[in-house]
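Colleague: curious how this folds, go ahead:
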Amino acid sequence: MSMQSSLDPQSVTDAKAGQVTVPMWLVVLLAVLGYWGMVYFDHHGGWFDARVYAPFASVSVVNELQPVSGAEAFVNRGRAVYETTCALCHGSDGQGKPGQAPPLAGSDFVLGPSGRLIRIPLHGLTGPIEVRGQVWNLAMPAMGAALSPEDLAAALTYIRQAWGNNAGPISAAEVEAVKAATAGRTLPWTAAELKSIQ
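Modeller: Numbers count the residues shown, from 1 in each chain. Down below sits the predicted model:
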């Protein structure tokens, strides 16, 4: 049999479209898969799941969970900066660590003039310093020099208002003013120098 006879033009023109039946097993399989998909989505989607909607029983609960703004947000930002930059030495509770760093809670250097406190992280601290009746003789590097004025101000504000401290906030403008006033300084501060700053 030749190739020509298998491709007879007459047989090609006689081909007609007709109805094709879909096997019943395929219809059942598609229905089962569709049902399984709906059940899966219902269990794993959050649509009416009580775990998604149950905590929000009232508008007041929703309001309590809203992000804070203003002064509270600034302090929260300061807490985050403190935890990543300062807490390793001074402790998450601000109580310091023996042989490593003095406490910040109740410290006169924290509660004193803001210009005094700003200078410590900007340039560091060296030599003996008395904090809450205990003398510390350790060096602190300029940990805040790499921070933006906003982040440093937020961290110092948090320190001045955490752990029972009750001092006013420090603004980014105050940090920038101290940076400008001490721009030529390369050495860390001593406690005696800091005490002369009002």
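
Colleague: what's stretch 139-147 in contact with?
Modeller: Contacts with stretch 139-147, where a contact means CB atoms under 8 Å, 6 or more residues apart in numbering, come from 81, 85-86, 89, 101, 120-126, 152, 155, 188. Every residue, glycine included, has its C-beta placed from N, CA and C.

Colleague: buried ones among those residues?
Modeller: The neighbour count (16 or more other CB atoms under 10 Å) marks 81, 85-86, 101, 120-126, 152, 155, 188 as buried among the contacts of stretch 139-147.

Colleague: quick check: the farthest pair among those?
Modeller: 81 and 126 (23.2 Å; CB to CB).

Colleague: so the residue sitting nearest the centre point of the chain is in which element?
Modeller: The chain has residue 80 as the residue nearest its centroid, 6.6 Å off, counting by CA atoms, centre = their mean. Assigned by DSSP states H and E, residue 80 belongs to helix 71-85.

Colleague: quick check: buried residues in the helix or strand just after that helix?
Modeller: Heading C-terminal from helix 71-85, the first helix or strand you meet, by DSSP H and E, is helix 87-90. Residues residue 90 are the ones in helix 87-90 that count as buried (16+ other CB under 10 Å).

Colleague: now do the SS call for residue 136.
Modeller: Assigned by DSSP: H, G, I helix; E, B strand; the rest coil, the conformation of residue 136 is strand.

Colleague: I'd say it and residue 127 touch.
Modeller: No - with contact defined as CB atoms under 8 Å, residue 136 does not reach residue 127; the gap is 9.6 Å.

Colleague: the two: who's more crowded?
Modeller: Counting neighbours by other CB atoms under 10 Å for residue 136 and for residue 127 shows that residue 136 has the greater number, 20 against 14.

Colleague: okay, the more buried one: pLDDT?
Modeller: Model confidence at residue 136, expressed as pLDDT, equals 87.

Colleague: identify the residue nearest it in space, chain neighbours excluded?
Modeller: Distance criterion CB to CB, 6 or more residues apart in numbering; nearest residue to residue 136, sequence neighbours excluded, is residue 102 at 4.5 Å.
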